[in-house]
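Visitor: what's the 3D shape of this:
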Amino acid sequence: MSRSLALIAVVGLVLIPTVAAQSTPVVSSHPGAWQPAPPITPRLPQTLSVAERAAITASVNQLLEIVRRMPQMAPPAGFAVIPRGFVDVENLDHSEGKRVAYVTADVVVTLAPFEQVARGAVEAVESDSAATITLKVNDLGPLMGSETGPSDDQGAFIENPPAPVDTLHGYPVYEEGNGERWVMIRRNDAPFFAPVTAERSVRAAIAATEKELSDVRDRRARIPAGVPATVIATLDDAVAEMARKLKNDQDKLAAMSATDRAAPAAGVLYFNPALMTPGLPRTAPQLLAVNVSVRGDAWPDLKARLNAEIDWAALEKFVHQQ
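Guide: Okay, the predicted model is just below:
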């Protein structure tokens, strides 16, 4: 027996008795299979060119091939591997500014048990999945749980940026609020966050206050007759307070020296544009976030095995291929 087949057999022996104790056991005699087998065609935005569609589809399937080499994803008898791909076009912080947009992809691979369902049929049941591996291309979504402030055309401001909670295989690990951990691999060894200058910070605050003040004044002008005076007074107080804030920020900006304007704003950062190499196609993989999620109560030790089986060197090469 080859080493890969031996590993698959051992994994099957480990997993199947664990599931048998549940209300719906694995049909352990069912051959393991990918459903469907790669290559797959991900869901693609209509705005992509023909060349971009081909490039991002190739990247999705390249990642799937790396996952397929994992012994656990062979898969063992009684399990199906269900791959999916989703493609979008976003800038780094998903904001509406004029920042450069990139083609992003979510590659989701689910290890699902075959179970008996209605009328004795056997199907792969994703809701009882043993594990899900998610790979995000050119997407910093896992780092967006921090507190955000105003924004400008260069991006959204992040006032409480997350810090890595661990290191895995030499890569930083970030944790979302729901406890899911992401291994972050980047083409360029640049910090994920860059400082916002004091001038940018104040100008963004001014722009935000100007818009809010304009909206409130518009609402004030459209108040119909007969509205209680207390409501009108509340709106007038809000207008006055915003006008004071706007004047203070404008005075602050005017009083800044050139050195003051160029200095970093305290505690305000944004996603670092140096993470991405200019001139590459927007489909080029430059960032990769990897998450392994396991139903820990039913599948003990599986997460550690999957993390050990992932070809991290191949993923590193993936983000450096262009």
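Visitor: residue boundaries of the helices in the stretch 201-322 of the chain?
Guide: Ranges of helices in the stretch 201-322 of the chain, per DSSP state H, counting those that start in this stretch, are 229-255, 258-262, 302-309, 312-318.
Visitor: Would you check that residue 207 makes contact with residue 152?
Guide: Yes - taking contacts as CB atoms under 8 Å, residue 207 lies within contact range of residue 152: 7.1 Å. Using the backbone N, CA and C atoms, a C-beta is placed for each residue, glycine as well.
Visitor: Which one's more surrounded, the two?
Guide: For residue 207 versus residue 152, neighbours defined as other CB atoms under 10 Å are more numerous around residue 152 (19 against 15).
Visitor: Report the beta-bridge partners for that one.
Guide: residue 155 (DSSP bridges).
Visitor: Verify the contact between it and residue 97 for me.
Guide: Yes - with contact defined as CB under 8 Å, residue 152 counts as touching residue 97 (6.5 Å).
Visitor: would you list every one of the strands in the stretch 101-250 of the chain?
Guide: Using DSSP state E, counting those that start in this stretch, the strands of the stretch 101-250 of the chain run over 102-116, 122-124, 131-137, 148-152, 155-158, 166-168, 171-175, 181-186, 193-197.
Visitor: Give the partner strands of the longest one in its sheet and their orientations.
Guide: Within its sheet, and counting by DSSP bridges, strand 102-116 is paired with strand 79-90 (antiparallel), strand 122-124 (antiparallel), strand 131-137 (antiparallel).
Visitor: export the first one as CSV, just CAs?
Guide: Spelled out, it's strand 79-90. Output of strand 79-90 as CSV, limited to C-alpha atoms (Å, rounded to 0.1, in the frame of the first residue of the first chain):
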residue,chain,number,x,y,z
PHE,A,79,-16.7,11.4,2.6
ALA,A,80,-17.2,13.8,-0.2
VAL,A,81,-15.1,16.9,-0.9
ILE,A,82,-17.3,19.7,-2.3
PRO,A,83,-15.4,22.6,-3.9
ARG,A,84,-16.9,26.0,-4.7
GLY,A,85,-15.4,29.3,-6.1
PHE,A,86,-16.7,32.8,-5.9
VAL,A,87,-15.1,35.8,-7.6
ASP,A,88,-15.6,39.5,-7.1
VAL,A,89,-13.9,42.8,-7.8
GLU,A,90,-13.0,44.8,-4.7
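Visitor: Appreciated, that's everything.
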